[in-house]
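>>> Next input, structure requested:
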Amino acid sequence: MLTEVKNRALSSLQSAHGVGVVCGLAAGAWLGGAEVPAKIASAAMSPFAVSLCMVGGVFVARWTIPTVLKGSNYVFADLRENQHLIVWGVLAGALWAVANTLTVFAIRDVGLSIAFPLWNTNCLVGIFWGWLLFNELRGASARNWLKVLGGTLAILFAAVMLAYSSVHGSRIAPTHAHEGILAALGASLMWGTMYVPYRKAYLSGMNPLSFVTVFTVGELGTMLLLALGLRGGVHPLLAELQVAHAAIFWLFLGGFCWVIGDLFQQYSTKYIGIGRAIPLSNTNQLWGLAWGALVFGGLAATGILHHVIVVVGSVVMLLGTLAISTSAAGGEEHNATRKAILRECHRYSLDYPGVLRAQTGRDTGAIAATRRRWWDIAIALVACSIFAILALRAKRPPMPMHMFWANGLLLLLLLTFVGAGWWLWKKTRFC
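Model prediction:
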């Protein structure tokens with residue numbers, strides 16, 4: 001019986017590679033698009049207030065989307081079965097908040113062109129932790145090692161090129177360059193390490209929709225503490241939010257878009273591991289550049305050299321993405337993953353066959369039998385009401401935008417959401 005379960009699980013793990021790749025690419029699109037609302041609203045607020053408002057939108061979305069997709073009973077049943085992972089989810093949220101704050105200082109001290117590629121080295125951090133702690137790429141062929149590492153380095157190199165082009169006109173003379181570089185590297189370390197709780201949770205059979213609900217507690221709590229501490233207390237922060245109340249809707253909307261991207265990223269991590277998921281989702285810089293260049297005219301005043309750099313950087317990033325997308329794990333890699341699952345089961349006295357089924361996208365036991373309740377509808381209505389109230393107070397910032405390209409990119413985002421969401425539902429039922 002156990003051997004049959006193992007064989008079925010191995011086959012399912014191999015077929016899940018496509019699901020993970022699709023989710024990783026969709027994550028890049030939505031994480032890149034999430035920066036647009038922040039861009040059009042951030043001029044009126046400090047970076048800390050911007051981050052706090054976005055996290056507010058994240059908090060609302062993280063509790064609403066899982067409820068809509070699976071129901072609150074499902075989420076809490078999963079949390080009860082995986083109570084040992086709650087603290088890991090809170091820790092992951094805290095790591096994200098600290099990393100996000102470090103990026104504020106990095107951009108201030110050394111500029112985006114230097115900071116962005118530095119914190120994107122979280123790809124390499126993630127590959128290291130995945131290999132060291134969860135047996136990722138153990139037993140992989142030399143070809144797969146070359147695809148994953150080569151593709152990751154290509155994406156990093158392309159990120160440098162695209163970041164350089166995006167700030168072509170700046171002349172930054174940083175006075176705290178060392179602090180800025182350390183902040184960017186610190187963000188990279190935090191964001192790369194943040195995936196350790198992700199992977200630990202999913203190897204234990206936890207659903208990403210359940211994990212993100214506790215993730216956001218650590219995220220919001222830590223971000224609130226940082227915002228209050230760095231803005232001088234409650235009253236200065238509230239005063240700033242009151243003055244910039246018309247911009248809060250856009251930041252909540254950015255947080256909502258970010259949650260969609262992050263959920264795709266979570267599923268990608270579950271099905272293809274840290275080392276492959278992070279580089280794929282880091283293609284968000286390509287989408288961010290598209291929004292900046294096409295919608296906001298970021299490259300309108302540039303010369304032919306910068307256009308060439310953008311094209312070459314984009315092609316290099318796409319080639320790196322293609323390499324990682326085709327690096328499907330073989331039998332030895334899956335056996336190494338199965339050993340990591342068995343280790344977690346022994347450590348926390350988990351049901352090994354059940355965890356294997358959960359790892360391959362199937363619900364089991366009491367979780368599968370949960371039903372939706374009336375309050376699930378109430379939660380969704382409350383979330384919609386929050387966004388509606390904020391929208392009534394919102395104003396479109398006086399920022400020139402090319403609406404033709406904005407509508408085109410928005411349509412692409414929606415198609416990505418529908419296509420990747422349908423594929424994920426078809427293959428896993430959001431498990």
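>>> For the rest of this, base every contact and every neighbour count on C-alpha atoms.
Will do.
>>> residues making contact with stretch 263-278?
13, 16-17, 19-24, 26-27, 122-124, 126-128, 130, 136, 148, 195, 198-199, 202-203, 208-209, 212, 281, 324-325, 359-360 (C-alpha atoms under 8 Å, 6 or more residues apart in numbering).
>>> secondary structure class for Pro66?
Secondary structure, DSSP: H, G, I helix; E, B strand; the rest coil: Pro66 is helix.
>>> so what's it up against?
Pro66 neighbours (C-alpha under 8 Å, 6+ apart): Ser72, Val75, Leu209, Ser210.
>>> show me where the chain has strands.
Secondary structure of the chain (DSSP state E): no strands present.
>>> For the most centrally placed residue in it, give me its contacts.
The structure's the chain has its C-alpha centroid closest to Asp262; by C-alpha atoms, centre = their mean the separation is 3.3 Å. By C-alpha under 8 Å, 6+ apart, Asp262 lies in contact with Ala27, Leu31.
>>> mind running it again at 10 Å?
Contact analysis of Asp262 by C-alpha atoms under 10 Å, 6 or more residues apart in numbering lists 23-24, 26-28, 30-31, 58, 62, 208, 212, 256, 268, 281.
>>> And Ala406, by the same measure?
Ala406 makes contacts with Val36, Ala290, Trp291, Leu294, Val295, Phe296, Leu412, as judged by C-alpha under 10 Å, 6+ apart.
>>> can you do 8 Å?
Going by C-alpha under 8 Å, 6+ apart, Ala406 touches Trp291, Leu294, Val295.
>>> How about Val382?
Val382 makes no contacts at all, as judged by C-alpha under 8 Å, 6+ apart.
>>> ranking the contacts of Ala406 by neighbours, who comes first?
Comparing the contacts of Ala406 on neighbour count, Trp291 comes out first with 23 neighbours (neighbours: other C-alpha atoms under 10 Å).
>>> Can you check the pLDDT for it?
As summarised for this prediction, Trp291 has a pLDDT of 86.
>>> doesn't Glu35 make contact with it?
No. Under the criterion of C-alpha atoms under 8 Å, Trp291 is not in contact with Glu35, lying 9.0 Å apart.
>>> ChimeraX command for the buried members of the contacts of stretch 263-278?
Command for ChimeraX, covering only those of those found buried under the criterion 16 or more other C-alpha atoms under 10 Å:
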select :13,16,17,19,20,21,22,23,24,26,27,122,123,124,126,127,128,130,136,148,195,198,199,202,203,208,209,212,281,324,325,359,360
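>>> Restricted to helices, list the contacts of stretch 263-278.
Of the contacts of stretch 263-278, the ones assigned to helices by DSSP state H are 13, 17, 19-24, 26-27, 122-124, 126-128, 130, 148, 195, 198-199, 202-203, 208-209, 212, 281, 324-325, 359.
>>> And the contacts of Ala406, which is closest to Leu102?
Among the contacts of Ala406, Trp291 lies closest to Leu102 (C-alpha to C-alpha), at 24.0 Å.
>>> Next, the contact list for the closest one, please.
With the criterion set at C-alpha under 8 Å, 6+ apart, Trp291 makes contact with Gly33, Val36, Ala406, Leu409.
>>> ok, those residues vs Trp191, which is closest?
For those, the closest approach to Trp191 (C-alpha to C-alpha) belongs to Gly33, at 19.1 Å.
>>> List the contacts of the closest one.
Contact criterion C-alpha under 8 Å, 6+ apart gives Cys257, Trp258, Asn284, Trp287, Gly288, Trp291, Leu413 as the residues in contact with Gly33.
>>> Mind picking out the helix or strand in the chain with the poorest mean pLDDT?
The helix or strand with the lowest mean pLDDT-type score in the chain, counting by mean pLDDT, DSSP states H and E, is helix 2-15 (a mean of 55).
>>> Please tell me how far Arg357 sits from Tyr348.
The gap separating Arg357 from Tyr348 is 17 Å, by C-alpha to C-alpha, to the nearest Å.
>>> Which of those two has more residues huddled nearby?
For Arg357 versus Tyr348, the count of surrounding residues by other C-alpha under 10 Å is larger for Arg357: 20 against 11.
>>> what's the distance between Cys257 and Ile65?
11 Å.
>>> out of these two, which sits in the busier spot?
Applying other C-alpha under 10 Å to Cys257 and Ile65 shows that Cys257 carries more neighbours, namely 26 against 20.
>>> So what's the residue count around Ile389?
Using other C-alpha under 10 Å, Ile389 is surrounded by 11 other residues.
>>> Then Leu390?
18.
>>> Hmm, it is touching Phe249, no?
Yes. The pair Leu390 and Phe249 qualifies as a contact (C-alpha under 8 Å) at a distance of 5.0 Å.
>>> Can you report phi and psi for Ala140?
Backbone geometry at Ala140, expressed as degrees, to the nearest 10, gives phi -70, psi 150.
>>> can you tell me which residues contact it?
With contacts defined as C-alpha under 8 Å, 6+ apart, Ala140 is in contact with Ala329, Gly330, Glu332, Glu333.
>>> Let's see that with 10 Å instead.
For Ala140, the contacting residues are Leu146, Ser327, Ala328, Ala329, Gly330, Gly331, Glu332, Glu333, His334, Ala336, by C-alpha under 10 Å, 6+ apart.
>>> Quick check, the first one in contact with Ile324.
In this case it means Leu146. Yes. With contact taken as C-alpha atoms under 10 Å, Leu146 and Ile324 are classed as touching, separated by 9.2 Å.
>>> which residues are common contacts for those two?
Residues touching both Leu146 and Ile324 (C-alpha under 10 Å, 6+ apart): Thr152.
>>> List phi and psi for Gly71.
For Gly71, the backbone dihedrals are phi 100, psi 150 (criterion: degrees, to the nearest 10).
>>> ok, it to Ala94 distance?
Gly71 sits 25 Å away from Ala94 when distances are taken as C-alpha to C-alpha.
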